[in-house]
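Asker: Structure of the sequence below:
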Amino acid sequence: MRAVYSDAHRQHDPAFALVRGTMRPSAEQPERADRLLAAVRRLGWPIDDPKPHGLSPVLAVHTAEYVDFLEHAYEAWTALGDGAPEIVPNVHPQRVAASYPRAIVGRAGWHMADAACPIGPHTFKAALAASDTALTAAELVLAGERAAYALCRPPGHHAYADMAGGFCFLNNSAIAAQHLRRRHDRVAILDVDVHHGNGTQGIFWTRPDVLTLSIHADPRDFYPFFWGHAHERGEGAGEGANLNLPLPLGTGDEAWLAALDVALRRIRGFQPGALVVALGLDAFEGDPFHGLAVTTQGFGRIGAAIGRLQLPTVLVQEGGYLADELTDNLESFLRGFTATDPL
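Answerer: Sure thing, here's the model as predicted:
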């Protein structure tokens with residue numbers, strides 16, 4: 001099994017996030033990638049540099065208006081002369097009978113869902129490198145690898161087609177799934193992050209060809225709050241192609257794995273040609289977000305259960321924050337996943 005990683009992620013180093021009205025250091029730090037990379041090196045896997053893919057695969061998932069904003073917003077923000085060092089919106093239109101603004105302050109509010117995704121001078125370059133990382137892993141799988149791991153940073157699953165949020169700018173998992181659709185009629189995305197993959201759900205909401213599933217902390221009590229509820233099933237042609245499995249705060253291994261069994265049955269019934277796993281490790285009992293209580297050993301069991309599907313699989317890194325066990329948690333998952341590989 002191969003991994004893909006780019007050091008370009010270091011160009012995105014957000015200073016803070018607004019949490020419950022308080023400015024706090026952002027949990028989405030470059031050190032996350034260092035600890036995750038350490039797990040890959042322990043396993044001795046080959047690590048590939050991502051290949052540049054340009055904007056075409058990104059524009060297959062995101063709107064041109066949004067991508068243009070991400071690419072050029074910082075220059076316009078700096079031209080204001082009195083803005084903060086990072087773009088953080090102070091107004092949100094809620095999209096209720098709203099018109100697209102010209103001013104950069106207005107466009108920031110239009111395209112940024114919250115104050116947890118500040119844009120710095122090189123955020124777009126880092127986000128594009130992350131999408132290239134996911135795309136390169138997808139191409140390895142299309143070329144015959146049973147699975148590949150994309151160490152993406154910044155993460156992506158909260159990014160909608162035209163909106164950033166929750167540390168995310170480009171939806172790496174969605175971009176990888178859309179790339180796999182070039183060969184496969186049906187693709188599934190299984191999101192195991194502690195937070196619901198609301199951006200991924202939104203991107204594929206009306207589509208029957210991509211099954212989206214998410215196991216996460218109950219959004220009645222946890223970010224992203226407004227999406228991720230069990231009754232959300234998709235719409236139009238996509239009705240029934242979305243499955244949310246919200247869990248009570250503090251849920252541990254056994255109940256989490258029971259929810260995974262439900263998701264895996266749905267995947268088998270859908271019969272996808274390939275699988276994308278949005279691999280958040282922040283369901284860990286010691287993660288700073290304290291949403292769920294999966295153990296290090298539990299991640300190994302999760303990996304093994306997913307691996308038993310024996311599908312061509314792209315593992316796309318999402319969350320998982322600075323806990324001492326972060327390296328161990330990724331290693332546990334990957335060992336579990338690859339233990340099911342045929343000899």
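
Asker: need the longest strand for this structure.
Answerer: Scanning the chain for the strand with the most residues, using DSSP state E, yields strand 210-217.

Asker: and that strand, what other elements does it pack with?
Answerer: Here strand 210-217 touches strand 187-191, helix 198-203, strand 242-247, helix 253-270, going by 3 or more Cβ pairs under 8 Å, 6 or more residues apart in numbering; DSSP states H and E. Quick note: C-beta positions are derived from backbone N, CA and C, even for glycine.

Asker: the inter-axis angle of the third one versus strand 210-217?
Answerer: Note on geometry: by axes from the mean of the first three to the mean of the last three Cα atoms, to 10 degrees, strand 242-247 and strand 210-217 are set 10 degrees apart in direction.

Asker: List the contacts of strand 242-247.
Answerer: Applying Cβ atoms under 8 Å, 6 or more residues apart in numbering, the contact partners of strand 242-247 are 196, 201, 204-205, 211-220, 228-230, 232-234, 255-256, 259, 262-263, 266, 292.

Asker: For ChimeraX, what selects the buried ones among these?
Answerer: Only the buried entries of the contacts of strand 242-247 go into this ChimeraX selection, using 16 or more other Cβ atoms under 10 Å:
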select :196,201,204,205,211,212,213,214,215,216,217,218,219,228,232,234,256,259,263,266,292
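
Asker: What is the neighbour count of residue 97?
Answerer: 6 (other Cβ atoms under 10 Å).

Asker: Check the one 3 residues further on too.
Answerer: Other residues within reach of residue 100 by the criterion other Cβ under 10 Å amount to 11.

Asker: Who are the contact partners of it?
Answerer: 65, 107, 110.

Asker: next one: residue 233
Answerer: 239-243 are the contacts of residue 233 under Cβ under 8 Å, 6+ apart.

Asker: ok, the closest residue to residue 227 other than its chain neighbours to residue 243 distance?
Answerer: On the basis of Cβ to Cβ, 6 or more residues apart in numbering, the spatially nearest residue to residue 227 that is not a chain neighbour turns out to be residue 198, at 3.8 Å. The gap separating residue 198 from residue 243 is 14 Å, by Cβ to Cβ, to the nearest Å.

Asker: Compare these two (neighbour count), which wins?
Answerer: residue 198 (29 against 22).
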